[in-house]
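Q: Give me a 3D structure for the following:
(one chain, ligands or ions: 2)
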Amino acid sequence: MSQIWIENGLFITMDDAAPSFKGHMVVTNDRISYIGTEAPVGLSEAVEKIDGSKLAFMPGLINTHGHAAMSLLRGYSDDQNLQVWLEQKMWPMEGKYVDQDTRAGSGLAIVEMLRSGTTAFVDMYDRMDQVAQMTELSGIRGVLTRGVIGLCPEDVQEAKLAEAIAFARDWNGKADGRITTMISPHAPYTCPPAYIERFVQAAHDHNLPLHTHMSETIAEVEQNVRDYGVRPVEHLDRLGFFSRPALVAHAVHLNTEEIELLAAKGVAVSHNPVSNLKLASGIARVPEMLSAGVTVSLGTDSVASNNNLDLFEEIRFSALLHKGISGDPTAIPAWEALKLGTIYGAKSIWQENDLGSLQVGKKADFIAIDIEQPHFYPQTDMISHLVYAGSGRDVKHVWIDGRQVLRNGECTFLDEEKVRYEAQASFDRLLNA
Ligand SMILES: N[C@@H](CCSC[C@H]1O[C@@H](n2cnc3c(=O)[nH]cnc32)[C@H](O)[C@@H]1O)C(=O)O
Ligand SMILES: [Zn+2]
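A: Ligands and ions are numbered 1, 2, ... in the order given. The predicted structure is shown next:
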């Protein structure tokens, strides 16, 4: 049995019953076994004590949409809209990837995520065995899925679907349960309807959730109406997509009926504010979705459209952006913004019983923030400070499943120098390939 005792820390729990307090937390093996203001009793003699007096602790952040391996393409194409960026810039480069590139790119992304306090990430890409292996090695938690673009001949479609199913089946529950999987047609505009139906069927057959990009741009919505006579939400609904647990990324352009339908069907939305701003896609109607009862969480999308994986930025953007465009300063208050990055993230990946808050019985996925810095003074409302003044660079330690995966800002299971070297080598090769 291993035990950790965090002494005299400031805990931001994400539990409405006790949002924040000075106190103690005990982790026994991979779960939180005690949290409270009083010192714990009856601990094992071998307990590892951690002085929490200069730190704030909170649940690890959950990034509910991204493409880790695209970290190699950071800064490769800025200041373009989605269509040009994807078709003329990303896809040609991605077409040159070999296994080592996906491995190098996802390694780089994982280091960046751990260093900025993300403990679980959703990843949609191909060559997913590489991503899964890096996930396993690094200690991070992943919800992984082989995304499929279906604009290809039928035999290639068959092979990709088979690969997506095989990956999801092989890796679900692996890495001590840190890896779970989903089934993902890339988007309604890159997969024909009959093909999407096969993903839905596979999700039913193998009891897996579904993930996709949806209603990201006005052009996408218009094209969907032109091609299929309905907007993307109704289109996916007709194809049975929402008959399974589903997580959709973006959902920027929704009308009120669509928001109500997503709420009624229990569809989770990954809001990617920075990527949506950078690609000029628009601003999702998050306050309306939240008041309609839609589960909304936060994603970075890839760094090729962000250009970093610091989820504290999405938290702050969601707190600011929706005030700005609604003219309502109470839109998405600090506590709600933090929930988007934590407990709502856990709900979006169907793991709210295990993740997203510091509560007894939950998995010990938590982060420690160095609050002895000027931007956290005066030390008053740390929830406000974390949202409006903090950043991922303030994260000092990270634990996942009770294992320390980041110590003093450095990954414990990955060789960061090697990761940076390999990312550069891959990029240099891709550029000249
Ligand atoms: N190459 C794969 C599909 C990969 S899924 C992930 C894809 O999503 C793309 N992507 C990244 N960000 C976005 C976004 O915001 N909207 C739509 N697609 C995106 C990315 O370029 C990548 O091609 C195949 O064999 O079918
Ligand atoms: Zn995406």
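Q: Every contact and neighbour count from this point should use C-alpha atoms.
A: OK.
Q: what bits of the chain have low per-residue confidence?
A: By pLDDT under 70, the chain has no low-scoring segment.
Q: Point out the residues in it that sit beside ligand 1.
A: Residues of the chain lying close to ligand 1 by CA under 6 Å from any ligand atom are 86, 90-91, 124-126, 147-149, 186, 301-302.
Q: out of the residues you listed, who's nearest residue 390?
A: For the residues of the chain next to ligand 1, the residue nearest residue 390 by CA to CA is residue 301; the value is 20.7 Å.
Q: Where does the nearest residue to that closest one once chain neighbours are set aside sit: helix, strand or coil?
A: In this structure, residue 301 finds its nearest non-sequential neighbour in residue 66, 3.9 Å apart by CA to CA, 6 or more residues apart in numbering. What DSSP: H, G, I helix; E, B strand; the rest coil gives for residue 66 is coil.
Q: Show the contacting residues for residue 66.
A: For residue 66, the contact set (CA atoms under 8 Å, 6 or more residues apart in numbering) comprises 121-124, 299-302.
Q: What segments of the stretch 101-250 of the chain are helices?
A: 128-138, 154-171, 193-205, 218-228, 232-238 (DSSP state H, counting those that start in this stretch).
Q: now, of these, which is deepest in the fold?
A: For these, the largest average neighbour count (mean count of other CA atoms under 10 Å) is found in helix 128-138, namely a mean of 21.
Q: Next up, the contacts around residue 187.
A: By CA under 8 Å, 6+ apart, the neighbours of residue 187 are 149, 212-214.
Q: let's see it at 6 Å
A: Applying CA atoms under 6 Å, 6 or more residues apart in numbering to residue 187 gives the contacts 212-213.
Q: Next, it: phi, psi?
A: phi -170, psi 160 (degrees, to the nearest 10).
Q: And it, how far from residue 216?
A: 10 Å (CA to CA, to the nearest Å).
Q: Show me what stretch 416-425 is in contact with.
A: 104-105, 108.
Q: Just the closest of those residues to ligand 1, please.
A: residue 105 (13.0 Å; CA to the nearest ligand atom).
Q: Apart from its neighbours in sequence, what residue is nearest that closest one?
A: Nearest non-adjacent residue to residue 105 (CA to CA, 6+ apart): residue 69, at 3.9 Å.
Q: Isn't that neighbour up against residue 106?
A: Yes: the criterion here is CA atoms under 6 Å, and residue 69 meets it with residue 106 at 4.2 Å.
Q: Which one's more surrounded, these two?
A: residue 69 (31 against 28; other CA atoms under 10 Å).
Q: Shouldn't that one be within a helix?
A: Yes: under three-state DSSP, residue 69 falls within a helix.
Q: what residues are up against it?
A: For residue 69, counting by CA under 6 Å, 6+ apart, the contacting residues are 102, 105-106.
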